[in-house]
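Q: Model the structure of this input:
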Amino acid sequence: MFHINVLSIVLFFTMITGSNVICQVAFSADTDAIPTEKDGLLVVEAEAFDHQTKTDHRAFHLTSQDISPAITPDGDEAHWKDASGQAYLEVLPDTRRTHDDKLIPGENFANEPGTAAVLSYPVRITTPGRYYVWVRAYSTGSEDNGIHVGLDDAWPESGQRMQWCQGKHSWRWESKQRTSKNHCGEPYKIFLDIKEPGQHTVQFSMREDGFEFDQWLITIDREYQPQKPE
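A: As a prediction, the model looks like this:
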């Protein structure tokens, strides 16, 4: 899925005799369309990802007024009306909604980041530094409220186990990490250290199925508090 508005299209035709490869087509994103951090802040719609990998068991699916994923089970109604742009992503199928539902590591639960349903977002950074990560999500239960964040195919400890406990049945911004000390999450512990300016790839991967994902942002302001859709 490619959600960048402007594409420069380069076609490379390679005729290979005796092969089933007839031609090769390459698409390169117009670099001016890549989301760019400004003054230490970058806000991105969840559905504006460049590509998704590790989808053998679970994947992020788009929901909007006009699109309803035909993936079952789901377990709750759509929440697009209050989502930014009236669209969001959800990890489906959703088979574990309570503690009584069977936990299947690597299938409906992925405590190791980067192993299931990985979304990639090319971005441009002009101001290197420590960026605190916020995500706007919708949680209806105890087993749909976790996700991981990484950078350039690396998954640091500071991006693991983002957690939501408050604000059930509503879209809510959060930036807390689940720890042994606090299972509902501690603030200021979810961040990415971006040491060099230029193009990078911010990535999110499933922790729990049923997770509903509307927007994400990164900011160098440790005390930043997003309110409604950015």
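Q: centroid residue for this protein?
A: The chain has residue 204 as the residue nearest its centroid, 3.9 Å off, counting by Cα atoms, centre = their mean.
Q: element containing it?
A: According to DSSP states H and E, residue 204 maps onto strand 198-206.
Q: For that strand, what does the pLDDT average out to?
A: Averaged over strand 198-206, pLDDT sits at 98.
Q: Tell me which other helices or strands it touches.
A: The contact analysis (3 or more Cβ pairs under 8 Å, 6 or more residues apart in numbering; DSSP states H and E) places strand 198-206 against strand 118-125, strand 146-151, strand 212-219. Glycine gets a C-beta too; all of them are placed from N, C-alpha and C.
Q: one step back: can you name the residues bridging to the nearest residue to the residue nearest to the centre of the chain once chain neighbours are set aside?
A: In space, and not counting its chain neighbours, residue 204 is closest to residue 119: 4.8 Å by Cβ to Cβ, 6 or more residues apart in numbering. On the basis of DSSP bridges, residue 119 takes part in beta bridges with residue 52, residue 204.
Q: what bits of this structure have low per-residue confidence?
A: Scanning the chain for pLDDT under 70 picks out the ranges 1-32.
Q: What's the separation between residue 158 and residue 148?
A: 11 Å (Cβ to Cβ, to the nearest Å).
Q: quick one, which of the two is more surrounded?
A: Shown here are residue 158 and residue 148; by other Cβ atoms under 10 Å, residue 148 has more neighbours (24 against 18).
Q: quick one: contacts for that one?
A: Counting by Cβ atoms under 8 Å, 6 or more residues apart in numbering, residue 148 makes contact with 110, 113-114, 155, 159-162, 204-207.
Q: Next up, phi/psi of residue 152, please.
A: phi 50, psi 50 (degrees, to the nearest 10).
Q: My understanding was that it contacts residue 198; is that so?
A: No. Residue 152 is beyond contact range of residue 198, at 10.8 Å (criterion: Cβ atoms under 8 Å).
Q: quick one, which of the two is more surrounded?
A: Comparing residue 152 with residue 198 by neighbour count (other Cβ under 10 Å), the higher total belongs to residue 152, at 13 against 10.
Q: could you list every residue that touches the more buried one?
A: Residue 152 touches 200-201, 203, counting by Cβ under 8 Å, 6+ apart.
Q: next one: residue 174
A: For residue 174, counting by Cβ under 8 Å, 6+ apart, the contacting residues are 134-135, 137, 162-164, 166-167, 185.
Q: which one of those sits closest to residue 45?
A: Nearest to residue 45 out of the contacts of residue 174 is residue 135 (Cβ to Cβ; 11.8 Å).
Q: ok, that closest one to residue 119 distance?
A: Distance from residue 135 to residue 119, by Cβ to Cβ: 11 Å.
Q: Also residue 94?
A: With Cβ to Cβ as the criterion, residue 94 and residue 119 are 17 Å apart.
Q: and what of residue 217?
A: Distance of residue 217 to residue 119, computed by Cβ to Cβ: 15 Å.
Q: Between those two, which has more neighbouring residues?
A: More neighbours surround residue 119 than the other of residue 217 and residue 119, with 26 against 20 (other Cβ under 10 Å).
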